[in-house]
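Participant: After the sequence you'll find the predicted model.
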Amino acid sequence: MRDCRDRAGETCSGDSAVYLGSDGAVRATPQKHPFDFQPTNVVTAVSEKDHRSNLDQRIVFITGASSGIGKACAVAFARAGARLVLTARRAERLEKLSQELESRFSTESLTLSLDVTDRQAVFDAVCSLKDEWGAIDVLVNNAGKALGLDKSYETRPEHLEGMLETNVKGLIHVTSAIVPGMVERNHGHIVNIGSTAGRWVYPGGTVYCATKHAVRALNEGLKMDLHGTNVRVSSVDPGLVETEFSLVRFDGDADRADTVYSDTNPLMAEDVADAVLWCAQRPAHVNISEILMMAVDQSHATMVNRSGKRS
Ligand SMILES: NC(=O)c1ccc[n+]([C@@H]2O[C@H](COP(=O)([O-])OP(=O)(O)OC[C@H]3O[C@@H](n4cnc5c(N)ncnc54)[C@H](OP(=O)(O)O)[C@@H]3O)[C@@H](O)[C@H]2O)c1
């Protein structure tokens, strides 16, 4: 296996945007540090793009981009002008998303069918990125799942394996493949998607909560491992979010999954993506360690106001 650190020292390709000078002349955007803010009057033909973003042309690698929070992050970063590496197991969904982002924001993206539990495949995929895509600026470690709602000692072995392999080991595999390059470039940002389940435990969620407690430890420890570098580490920890999460948890039982969200007003995936983007858009000297966020209707792990949808 080729060590991803082989690409050490590569720098991001330059900005291609142009902007209007105060004298009205069109000029090329000057080379800037990746997380410096860009001029506010960048000229582009694409109306939905955020022209003021400091993420313009930066490379953002997202796991679990085929659904829910990962997909919403892809849209948010695309709007901010980033180039995306979209990964998940369901390749056809990624392809569709890539086309949508291309037409809405003129986003350049690569799609990689990737199972984060397969360490070799993760390293191969990262190493396969061509030069211009290899210098990843932001990693969003999002792929994850809860399986079942059983007591810990009754957890089915395949559920146990699925949660541990994806939420913990998968996150470590992707981090291990990408972070050495960030260290070499002394630049980058890892945003881990944790959960309120990483802070509190709830009945039936013991194993899932254990994996998210592990994500919290990994987030905190990674920042210490990177101490002295410019690489940033953040955790965004949401409560209830309406995605396919419950559909997966209940093995495709849509009726059961719907009951989780039908009588309350949960977070939407876009709310979480907003927070992830905000972390990435802070000035280079600022590291957001963690964000804990819940819907107004949620006050603790199982304390959810179920008095109905607001109009
Ligand atoms: N929804 C919530 O209430 C909630 C709350 C707190 C935290 N979270 C966390 O948010 C993250 C995203 O979940 P979500 O709510 O957006 O759920 P989701 O809609 O089910 O999305 C999960 C994503 O993870 C990907 N994934 C699952 N297993 C994978 C694997 N082995 N390899 C690669 N990708 C894999 C899925 O893609 P493929 O199936 O195509 O591979 C999918 O894109 C998870 O880490 C979850 O724990 C969710």
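Facilitator: Okay, I see it. Residues are numbered from 1 along each chain as shown.

Participant: now the helices: where do they sit in the chain?
Facilitator: 68-79, 91-105, 119-128, 131-134, 157-163, 171-185, 206-225, 245-249, 254-261, 269-280 (DSSP state H).

Participant: Quick one, which of those helices gets closest to the ligand.
Facilitator: Of all the helices of the chain, it is helix 68-79 that lies closest to the ligand, at 2.2 Å by Cβ to the nearest ligand atom. Bear in mind the C-beta positions are built from the backbone N, C-alpha and C, glycine included.

Participant: Distance-wise, check the residue nearest to residue 101 when sequence neighbours are not counted relative to the ligand.
Facilitator: Counting by Cβ to Cβ, 6 or more residues apart in numbering, the nearest residue to residue 101 once its immediate chain neighbours are dropped is residue 107, at 3.9 Å. According to Cβ to the nearest ligand atom, to the nearest Å, residue 107 and the ligand sit 18 Å apart.

Participant: that older thread, just the helices of the chain: most buried one?
Facilitator: helix 68-79 (a mean of 26; mean count of other Cβ atoms under 10 Å).

Participant: Who are the packing partners of it?
Facilitator: Judged by 3 or more Cβ pairs under 8 Å, 6 or more residues apart in numbering; DSSP states H and E, the packing partners of helix 68-79 are strand 59-63, strand 83-88, helix 91-105, strand 138-141, helix 269-280.

Participant: what's the closest of the ones you listed to residue 229?
Facilitator: strand 138-141 (14.4 Å; Cβ to Cβ).

Participant: Run through who's touching the closest one.
Facilitator: 55, 58-63, 70, 73, 77, 82, 171, 174-175, 178-179, 182, 188-193, 276, 280 (Cβ atoms under 8 Å, 6 or more residues apart in numbering).

Participant: Can you tell me which residues in the protein are near the ligand?
Facilitator: Within the chain, the positions lying close to the ligand (Cβ under 6 Å from any ligand atom) are 63-64, 66-70, 88-90, 114-117, 142-145, 166, 170, 193, 195, 238, 240-241, 243-245, 248, 269.

Participant: Show the model's pLDDT score for the residue lying closest to residue 105 once chain neighbours are set aside.
Facilitator: Closest residue to residue 105 apart from its sequence neighbours, by Cβ to Cβ, 6+ apart: residue 78 at 4.5 Å. What the model reports as pLDDT for residue 78 is 98.

Participant: what's the answer for residue 12, then?
Facilitator: Reading off the model, residue 12 has pLDDT 29.

Participant: Could you do the one 3 residues further on as well?
Facilitator: The confidence metric pLDDT takes the value 32 at residue 15.

Participant: so what's the closest residue to residue 123 other than its chain neighbours up against?
Facilitator: Leaving aside its chain neighbours, residue 123 sits nearest to residue 177 (4.9 Å; criterion: Cβ to Cβ, 6+ apart). For residue 177, the contact set (Cβ under 8 Å, 6+ apart) comprises 4, 122, 123, 125, 126, 127.

Participant: Flag whichever of these scores worst on pLDDT.
Facilitator: Ranking the contacts of residue 177 by pLDDT, residue 4 lands last with 45.

Participant: how about residue 70, what does it touch?
Facilitator: Counting by Cβ under 8 Å, 6+ apart, residue 70 touches 62, 63, 64, 88, 140, 142, 143, 193.

Participant: So, low pLDDT: which residues of the stretch 1-150 of the chain?
Facilitator: Under the criterion pLDDT under 70, the flagged ranges of the stretch 1-150 of the chain are 1-47, 50-53.

Participant: sorry, back to before: quick one: which of the contacts of residue 177 is nearest residue 199?
Facilitator: Nearest member of the contacts of residue 177 to residue 199, counting by Cβ to Cβ, is residue 122, at 27.4 Å.

Participant: so how far is residue 251 from the closest one?
Facilitator: The gap separating residue 122 from residue 251 is 26 Å, by Cβ to Cβ, to the nearest Å.

Participant: To what extent is the closest residue to the ligand within the stretch 101-250 of the chain buried, counted in neighbours?
Facilitator: In the stretch 101-250 of the chain, the residue that lies nearest the ligand is residue 144 (2.3 Å; Cβ to the nearest ligand atom). Residue 144 has 27 neighbours, counted by other Cβ atoms under 10 Å.

Participant: Please identify the nearest residue in space to it, excluding sequence neighbours.
Facilitator: residue 167 (4.5 Å).

Participant: my guess is the one you found meets residue 216, correct?
Facilitator: No. Applying Cβ atoms under 8 Å as the test, residue 167 and residue 216 come out as separate, 11.4 Å apart.

Participant: For the closest residue to residue 187 other than its chain neighbours, grab the count of nearby residues.
Facilitator: Spatial nearest neighbour of residue 187, excluding adjacent residues (Cβ to Cβ, 6+ apart): residue 230 at 5.5 Å. Residue 230 is flanked by 18 other residues according to other Cβ under 10 Å.

Participant: Nice, that's everything, thank you.
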